[in-house]
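Student: return atomic coordinates for the entry below.
(chains A and B)
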Amino acid sequence: MGNAELTRAERALRVWMIVCAMSFGFAMPFFLFAGVWIVPVINAISARICSLPLYPLPQSGMEGAFWRVLGVSMMAMLTWVCVAASVDVRRNCRIVPIMLVSKLCSTLCYLGLFIAFHPLAYLVGALTDGPIFLVTLALWYLASPADRYIDDKEERILTSIGEAVLPRGGAFKLGYADLRERAVAGARRMMAVMDPVALLGTRLLLRTVNLSPILFGMRGSTLLGMLPEDRPAWLTRLERHRLAPIRTMFAALKVYVALPFFNEPEAAQAVGYKPESGKTP
Amino acid sequence: MNESRYRTQAVVVGTGAGGAVAGAMLAEAGVDTILVERGGFHTTAEHAEAAARGDIASGLRDMYVNGATTVALGRPPIPIPIGEAVGGTTIINSATCFRAPPDKVQAWGGPSVEEMAPYFEAVERRIHAVPTPVDRLGKNWDVLKRGCDALGIGIKPLVHNIKDCQRSGRCAFGCPTGAKQSTDVTFVPDAIAAGADVLAEHDVDEVLVAGGKAIGVAGTTPAGRFRIQADVVVLAMGALTGPAFMLRHRLANSSRRVGRGLRIHPGCRVVAEFDEVIDGYIGVPQGAYIDHWADQGIMMEGVFVPPGPMLASLPGAGFEFKALGARYRRLSAFGLMVADTKPGRVTVGRFGAPFLAWYSLSRADARSLHYGLARLAEVYLAAGAKRVFTSFAPMQVLKGEDDLARFERLRAKPPHFESMAFHPVGTCAMGADPAASVVDFSLQTHDVRDLFVMDASVIPNSLGVNPQLTVMALAMRAAGLLASRLT
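Tutor: Numbering: from 1, shown residues only, chains lettered A, B, ... in the order given. Take a look at the predicted model:
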């Protein structure tokens, strides 16, 4: 796939994957052949600049080699993930979570071990893998929906809001479900011209509204998990919430539902809007 | 990569109220001029096609910055929609024309009211700014007039730059009949007729400066890079995008005033439901105004939009919301805005955003909005409204005088309002003192020779009225001065 076809977020992820692939690729032989010196160097720095306990060196060279082999094999796998993702970032975006799981796991373990035992080596590990995890997570989240702008789950959330705000029947028959595909496509077209920050904000709003029954209502299920007939009452509650950010959250998303819906001729006509009726002959 | 190169006397960046006027004035004076516009060129035929489909989403997408999702961050967050097309914001504004109030002009300390008057007259003539005939205002006007008459309050048709209005009700989404005299159908064609070139979809990302003098601009197009060498550079990118651009490129900011002093008109919309059919979308959407409380900084102006944006702003969900939607033809709407008392700020946009605007509504302005909402609700109730929707969170719906009395007793705080704002100004303020302003009264920057700013950002104070005429008049004056220097 040519770069010209990639979204801006995909291009950013691709560049990051290339950087990571080169870093892991370089680190592999380094760890294998010179890894034995890493911990002693960190210990030496620790002894000079702080009074943290030193990381215990392996009893024998064989023991250290065993763990280095495991570390190198992990790096080989991560290198492959990064290379594959950078070669075809849109198709292989889905394998990036392998790297995310790895880096989250190592970050949490290093942090836990540092809190428990305090050697500087664990803190260095957490401060190395933590930022890699966070940057990868942010870029992957931004790039994962590609030119669909919102991912499948966010689309389901948007649709559930649409069907709650504009159910079938009532004062006019037409509901969001009747025009769902066109209304969602309309919302996507609105998102297509947003800057990345606004788009990220919209996606986070969708996710937050989905979690809102748990976060703000002490309920046991998300919006998607609620019965469809309970959703309008919940959204009305959000709209009347005493905290302005919560009200604003729903008000913003209502625009992505109501505007594309009523932009469709059938929906506009259902409320009596006839665009040509103002024209004078 | 391809790079197109041009050489000209004057390059004007932006084709809105400031840029188009400046470009036309320079070209008509015989100055070799190029106008550069980031947005695209949209024809009346395109607008007509969209109107026939009842489509407003394409207008929002193609002619607004960020699809009309630009927001000033603060308490509360306030959307500030601005245009991005050949014609700038004039292509999507409500075509309302006011001269700057004399006391506001005097406060500038620069060109006097008498000096500005011929420029206002010239602009009004060229864009056909005349009071709109009452028969073009639609029933929204009738309803408001009825309420105002009952209370003894004056309501008047607004002056618009519209010629032969066909009552399409789509001023904010591109006029489908070419009646609105936005700059894309007035000053831009005039500039072209006088020999100027217009480069649409050209995104300027650099002002070329050498030896403390602006010598051109460079940027990108879908086809590659471009570079324009020029004797003078006029920036007319608007009061939000412009200062962010200047801050990003560290231009003319020795005063540290670039981006500071942002003034806007925070506003709210009041929607009222009647038994009678009003069809508020037929007619000039911003047809009339009430200036009864102008001495308190409150101006009320009409506003009505198609079902999508109108109903999205009304409360409710589910069958209750649909019942309200089904009453769309029986809704009337009017807006109010306040001349703000506390400035905000514009900073450099990050991660692809064209700018970041920071603005918090002051308590005094919140009280003015609350008072204005009450007065407008009173007018609607006097006109016979069944329900009034207030945009005020603690009490979103009023059903009668008792509700209105309760509404007035509530204490208003800034986060209570579902507000929008318009008319950003003040972020590259003009003034005589280089330490306290960005441009002088000829609109040349104090720091960089031959770099001019001719847009709303030079207006240093909140006008309390729609600023397009003032921006045009200031640009006309400054471009005239510049042209006399260049020819």
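Student: the lengthiest strand in chain B vs chain A: in contact?
Tutor: Selection of the longest strand in chain B by residue count, based on DSSP state E, yields strand B:260-273. No. Strand B:260-273 stays clear of chain A (Cβ under 8 Å from any Cβ of the partner chain), getting no nearer than 12.8 Å. (Glycine included, C-beta is placed from N, CA and C.)
Student: which parts of stretch A:83-99 are buried?
Tutor: A:Val83, A:Ala84, A:Ala85, A:Ser86, A:Val89, A:Arg90, A:Asn92, A:Cys93, A:Val96, A:Ile98, A:Met99 (16 or more other Cβ atoms under 10 Å in any protein chain shown).
Student: what about it, how long is it end to end?
Tutor: Start-to-end span of stretch A:83-99 (Cα to Cα, to the nearest Å) is 12 Å.
Student: same question for stretch B:21-40.
Tutor: First-to-last distance for stretch B:21-40 - Cα to Cα - comes to 18 Å.
Student: that stretch and chain A in contact?
Tutor: No. Stretch B:21-40 stays clear of chain A (Cβ under 8 Å from any Cβ), getting no nearer than 11.0 Å.
Student: before we move on, what about stretch B:95-111?
Tutor: No. Using Cβ under 8 Å from any Cβ, stretch B:95-111 stays clear of chain A, coming no nearer than 15.2 Å.
Student: run the chain-centre distance for that stretch.
Tutor: Offset of stretch B:95-111 from its chain centre (Cα atoms, centre = their mean, to the nearest Å): 16 Å.
Student: follow-up on the earlier one: nearest to chain B, of the buried residues of stretch A:83-99?
Tutor: Nearest to chain B among the buried residues of stretch A:83-99: A:Val89, at 18.1 Å, using Cβ to the nearest Cβ.
Student: which single residue in chain B comes nearest to chain A?
Tutor: B:Gly318 (2.9 Å).
Student: burial of the closest residue to that residue other than its chain neighbours, as a residue count?
Tutor: Spatial nearest neighbour of B:Gly318, excluding adjacent residues (Cβ to Cβ, 6 or more residues apart in numbering or on different chains): A:Pro232 at 2.9 Å. A:Pro232 has 22 neighbouring residues, counting by other Cβ atoms under 10 Å in any protein chain shown.
Student: next: B:Gly335.
Tutor: As a burial measure, B:Gly335 scores 25 neighbours (other Cβ under 10 Å).
Student: what ranges does the stretch 151-281 of chain A have for its strands?
Tutor: In the stretch 151-281 of chain A, no strands are defined using DSSP state E, counting those that start in this stretch.
Student: residue of it closest to chain B, please.
Tutor: A:Pro232 (2.9 Å).
Student: shouldn't that residue be in contact with A:Gly162?
Tutor: No. Distance between A:Pro232 and A:Gly162: 11.4 Å, which falls outside the contact criterion (Cβ atoms under 8 Å).
Student: apart from its neighbours in sequence, what residue is nearest residue 267?
Tutor: Looking at chain A here, since you left the chain open. A:Phe261 (5.2 Å).
Student: that was the other one, I meant chain B.
Tutor: B:Met337 (3.6 Å).
Student: please apply the same query to B:Lys163.
Tutor: B:His128 (4.5 Å).
Student: report the contact partners of the one you found.
Tutor: With contact set as Cβ atoms under 8 Å, 6 or more residues apart in numbering or on different chains, B:His128 has these partners: B:Asn161, B:Ile162, B:Lys163, B:Gln181.
Student: and if you look at B:Gly316?
Tutor: A:Thr236, A:Glu239, B:Leu324.
Student: who in the stretch 51-200 of chain B is up against chain A?
Tutor: Selection of the stretch 51-200 of chain B residues close to chain A by Cβ under 8 Å from any Cβ yields B:51-57, B:60-62, B:66-67, B:69, B:71, B:75-77, B:138, B:166-169, B:177.
Student: chain B contacts on the stretch 101-250 of chain A?
Tutor: A:164-167, A:169-172, A:186, A:189-198, A:231-233, A:235-236, A:239-240, A:242, A:244, A:247-248.
Student: mind redoing it with 6 Å?
Tutor: A:164-165, A:167, A:170-172, A:186, A:189-190, A:193-198, A:232, A:235-236, A:239, A:244 (Cβ under 6 Å from any Cβ of the partner chain).
Student: sorry, back to before: the longest strand of chain B pairs with which strands?
Tutor: Using DSSP bridges, strand B:260-273 pairs in its sheet with strand B:331-338 (antiparallel), strand B:344-348 (antiparallel), strand B:387-389 (antiparallel), strand B:420-425 (antiparallel).
Student: just the CA trace of the longest one, in CSV.
Tutor: What follows is strand B:331-338, C-alpha atoms only, in CSV (Å, rounded to 0.1, in the frame of the first residue of the first chain):
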residue,chain,number,x,y,z
LEU,B,331,-40.9,26.3,16.2
SER,B,332,-39.5,29.8,16.2
ALA,B,333,-36.0,30.8,17.2
PHE,B,334,-34.1,33.9,18.1
GLY,B,335,-30.5,34.4,19.4
LEU,B,336,-28.8,36.7,21.7
MET,B,337,-25.2,37.6,22.1
VAL,B,338,-23.3,39.7,24.6
